[in-house]
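Student: here is the input, now give the coordinates:
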Amino acid sequence: MTQTRTYDDQNDGQKDGQKDGQRGGRNDGAPDGAGESALSVRDLWKIFGARADKVIGTPDADLPRKQLQAKTGCVAAVKDVSFDVRPGEVFVVMGLSGSGKSTLVRLLTRLIEPTAGTVTIGGEDVTKADAGRLRDLRRHHVAMVFQHFGLLPHRTVMDNVGFGLEVRGVAKGERRARAQEMVDLVGLAGNEGSFPDQLSGGMQQRVGLARALAVDPTLMMFDEPFSALDPLIRRDMQNEVIRLHHEVGKTMVFITHDLQEALKLGDRILIMRDGEIVQIGEPAEIVASPADDYVRDFVSDVPRSHVLTLRYVCRRPDGGDPGEGPALQADEVVRDAARQVLAAHGPVRVYDGEDFLGIVDDEDILRVVVAEEEAVGS
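Tutor: Numbering: from 1, shown residues only. Prediction:
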């Protein structure tokens, strides 16, 4: 007999095979092997206001943002944030305006000085770096892509792309060769001699991407880079980031207020509210098991079949692994797996690597689709 399973049941959603290292709700975001993280953030605070450093460690630090401001005149923009980013991961920080996400990304390279906490990039504590070392880290290990492009208007595409290398003191021939390589990579060949005001918004952002990639950083940071673009261009640029990530494999921290963008780009997503972490998880985990009503409201309109994986749909059969029949991996998205499951005319086994998690059949797939349609109808 088919076992009914609802997707609002968080306990069931996590019981039958959440990945090791995944955690719903508030957590420190540390993946397995956190010692090998490309970026590690621990107990990070940014409080604006007089005597801000006196707030941490007192009962005032636990006050909601508005109450803290009313009592002390201080604003906690980032509040006790900890997480790790794996090498090669696209880690998305998402939140509404005022959530602290843009302040957070600036703290990572001390464009804004933290009030407390540590930031480690490639094993080096950025918060302890002196001015010279910090400048070196920014030039050689980290690249930023900004919302408003940040291009030099009096320089050509070629010169803008090679600007970071010029600052490093790289010889002109080598600099131009590298810039040409990046121009070709982002699809701007033929525009090398153009100036920024001769380019569309999407083309200007491609120049920004090429400039960031030209310095071969270990970590790329994106601060809402596509917010000012038209929807179609925005979608194209999201696809471009996905393509470039597949080609160059850079570790990326991406800031956005757009949940759909976060779900599309992120290997994992950190959701912020009032300077604090609300939840960290993979896209399917956040949609399947929102930490609270705030996150649940965010994901209410998400088409679940496009995000949920078989990990969150499968169920344990009576008697364990049936040992025969079709098999799929747990990270298959429901929409992509639907055709194979419906064609199987019976249960399909779901595995995490070689570990058996459960089975899924046509009723399980249809249940996701029906729940999706009901959410749209409501």
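Student: the residue nearest to Gly249 when sequence neighbours are not counted and Asp236: what is the separation?
Tutor: Among residues not flanking Gly249 along the chain, Gly88 sits closest, at 5.1 Å (Cβ to Cβ, 6 or more residues apart in numbering). Where C-beta positions appear, they are placed from N, C-alpha and C, glycine not excepted. As judged by Cβ to Cβ, to the nearest Å, Gly88 and Asp236 stand 23 Å apart.
Student: who has more neighbours, these two?
Tutor: Asp236 (16 against 13; other Cβ atoms under 10 Å).
Student: where does the stretch 1-150 of the chain have low pLDDT?
Tutor: Residue ranges of the stretch 1-150 of the chain with pLDDT under 70: 1-35.
Student: tell me how far Arg339 lies from Gly73.
Tutor: 60 Å.
Student: quick check: Met182 touching Phe163?
Tutor: No: with contact defined as Cβ atoms under 8 Å, Met182 does not reach Phe163; the gap is 11.6 Å.
Student: returning to what we had before: can I take it that the residue nearest to Gly249 is in a strand?
Tutor: No: Gly88 sits outside any strand when classified using DSSP: H, G, I helix; E, B strand; the rest coil, being coil.
Student: identify the residues contacting it.
Tutor: Ala38, Gly249, Lys250, Thr251 (Cβ atoms under 8 Å, 6 or more residues apart in numbering).
Student: residues near the second one, how many?
Tutor: Looking back up the chat, that one is Gly249. For Gly249, using other Cβ under 10 Å, the count is 11.
Student: so for it, what's the pLDDT?
Tutor: Gly249 is assigned 91 on the pLDDT scale.
Student: if we can go back for a sec, who's more crowded, Met182 and Phe163?
Tutor: The neighbour count for Met182 versus Phe163, taken as other Cβ under 10 Å, is higher for Met182 (24 against 18).
Student: tell me the contacts of the more buried one?
Tutor: Counted by Cβ under 8 Å, 6+ apart, Met182 has contacts Val161, Ala210, Arg211, Leu213, Ala214.
Student: 6 Å instead?
Tutor: By Cβ atoms under 6 Å, 6 or more residues apart in numbering, the contact list for Met182 reads Val161, Ala210, Leu213, Ala214.
Student: which of these fall within strands?
Tutor: With DSSP state E as the criterion, strands contain none of the contacts of Met182.
Student: in helices only, show me those residues.
Tutor: When the contacts of Met182 are checked against helices (DSSP state H), the matches are Val161, Ala210, Leu213, Ala214.
Student: what does the pLDDT read for the closest residue to the last one other than its chain neighbours?
Tutor: Using Cβ to Cβ, 6+ apart and skipping residues adjacent in sequence, the residue nearest Ala214 is Met182, 4.7 Å away. Predicted confidence (pLDDT) at Met182: the value is 92.
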